[in-house]
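1. Task: produce atomic coordinates for the following.
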Amino acid sequence: MTQPLRLLVSDMAWSSIQSDVYQALAGLAIDRITVDEVLSGHKTADIAFISRDVTGMSTKFVIEPETKRFYDALAQSLNLRWLHVHSAGADRQIYIDLMARGVTVSTASGANARAVAHSALAGLLALARKLPLLMKAQQAHQWLPLLKTGLPEDLDGQIAVIVGWGPIAQMIGEVLHLLGVRLVVVRRSSAEVATAEQVVPFDKISDVLPIADWLVLACPLNAQTHHLVNAAALSVIKPGAAIVNISRGTVIDEPAMIQALRDGRLSGAFLDVFAQEPLPADSPLWDLPNVIATPHTAGSSLGMYRRMEQTFTDNLARYVKSQPLQNVASPTN
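-> Reported below is the predicted structural model:
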């Protein structure tokens, strides 16, 4: 008799996906196991799903106790062959360690692309229409028309340099194009993008920064994109450009960006990700008047849990049929 497939998954996720799991298995046996069973040495996992409730309030830098217990169970499951994670990225240390061990790691890339794109666009439009200045005036009970403070540039006709061209970037680009914004795409491939005037590889980003009114970062974090936006890049960016970052915090050299925001080379920034998370209380980014800082929440919405879970059960159906999995990660992507 074939041994049941042993699945490590949280109680909350299991209550939600149980019927979908059985449907994906198409009659194959499964043994749903818990963190306690693994840590006590009674069982080990063949496959696992890290749902959003597992990571909770943990970040790459601050790991809450319950999250660490799940991570420990993964590390202790020496038979683990596949891990699916709720996030779009797989750059947490536990995922990197498991991939180095030969474990296949797949992600939920695209599950929250629309929500993240909406957040990025909201941040960009807020900066374009000087909403931070207007909101500050509202809090001070000041009537401060833009005729008095300085009229914003028209958005249509401006150039957005979008770094990355995955699902999130494509949605952002689609809307910006409809708004009359001209697009330049920076990505690994040099293949043409229908709506973009130009496509350049990552190592040529400095060639297009001098024309960027907006620098939108929607790329994965890897060796090539770490500190892609550094002091040298910011020294050639168009004066008065603004940054939107919904990728990873360390795609930017944060101190160099802060200096550029202070000295006016950058007119503003919408930031949902940071070099250190939670953002330290003493970070200047909290108080810079031209910065909108949100707590890595761009993809949060009521429907996110279900979409993330669906990416797992869809991949599970492929896994049991020995079909290629979607969104397989590697230490370099």
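2. in stretch 221-239, what counts as buried?
-> 221-222, 225, 228-230, 233-234, 237-238 (16 or more other C-beta atoms under 10 Å). To be clear about C-beta, it is placed using only N, CA and C from the backbone, and glycine gets the same treatment.
3. same question, stretch 190-208
-> In terms of neighbour count (16+ other C-beta under 10 Å), stretch 190-208 has its buried residues at 193, 196, 198-200, 205, 208.
4. Among these, which lie within strands?
-> Residues of the buried residues of stretch 190-208 located in strands (DSSP state E): 196, 198-200.
5. can you redo those as CSV with distance to residue 174 and pLDDT?
-> Compiled in CSV, these are given as follows (distance: C-beta to C-beta, whole Å; pLDDT from 0 to 100):
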residue, distance to residue 174, pLDDT
196, 11, 97
198, 17, 96
199, 16, 97
200, 20, 96
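6. where does the protein dip in pLDDT?
-> 1, 332-333 (pLDDT under 70).
7. And the helices in it?
-> Secondary structure of the chain (DSSP state H): helices located at 11-25, 35-39, 52-55, 65-76, 93-100, 113-128, 131-139, 146-149, 167-178, 205-208, 231-236, 254-263, 304-320.
8. which outside residues touch the fourth one?
-> Put plainly, it is helix 65-76. For helix 65-76, the surrounding residues in contact (C-beta atoms under 8 Å, 6 or more residues apart in numbering) are 8, 10, 35, 38-39, 44-45, 48, 50, 54-56, 58, 63, 80, 83, 94, 97-98.
9. Give me the buried subset of these.
-> Buried, going by 16+ other C-beta under 10 Å: 8, 10, 35, 38, 44-45, 48, 50, 54-55, 58, 63, 80, 83, 94, 98, out of the contacts of helix 65-76.
10. Specify which member of the buried residues of stretch 221-239 is nearest to residue 295.
-> Taking C-beta to C-beta as the measure, residue 295 sits nearest to residue 221 out of those, at 18.1 Å.
11. ok now do that closest one, which residues does it touch?
-> Residue 221 makes contact with 89, 91, 247-248, 250-251, according to C-beta under 8 Å, 6+ apart.
12. Of those residues - the most surrounded one?
-> residue 247 (27 neighbours; other C-beta atoms under 10 Å).
13. That residue touches residue 218, doesn't it?
-> Yes: the pair residue 247 and residue 218 passes the contact test of C-beta atoms under 8 Å, sitting 5.5 Å apart.
14. Now for the two: what residues contact both?
-> Counting by C-beta under 8 Å, 6+ apart, the common neighbours of residue 247 and residue 218 are 163-164.
15. one step back: list just the nearest of the contacts of residue 221 to residue 106.
-> Among those, and counting by C-beta to C-beta, the member closest to residue 106 is residue 89, at 11.9 Å.
16. shouldn't the closest one be in contact with residue 107?
-> Yes: using C-beta under 8 Å, residue 89 is in contact with residue 107, at 6.8 Å.
17. so what sits against both of those two?
-> Common contacts of residue 89 and residue 107 (C-beta under 8 Å, 6+ apart): residue 329.
18. got the contact list for the residue nearest the centre of the chain?
-> Ranked by distance to the mean C-alpha position of the chain (C-alpha atoms, centre = their mean), the top residue is residue 247 at 4.6 Å. By C-beta under 8 Å, 6+ apart, the contact set of residue 247 is 163-164, 217-221, 225, 273.
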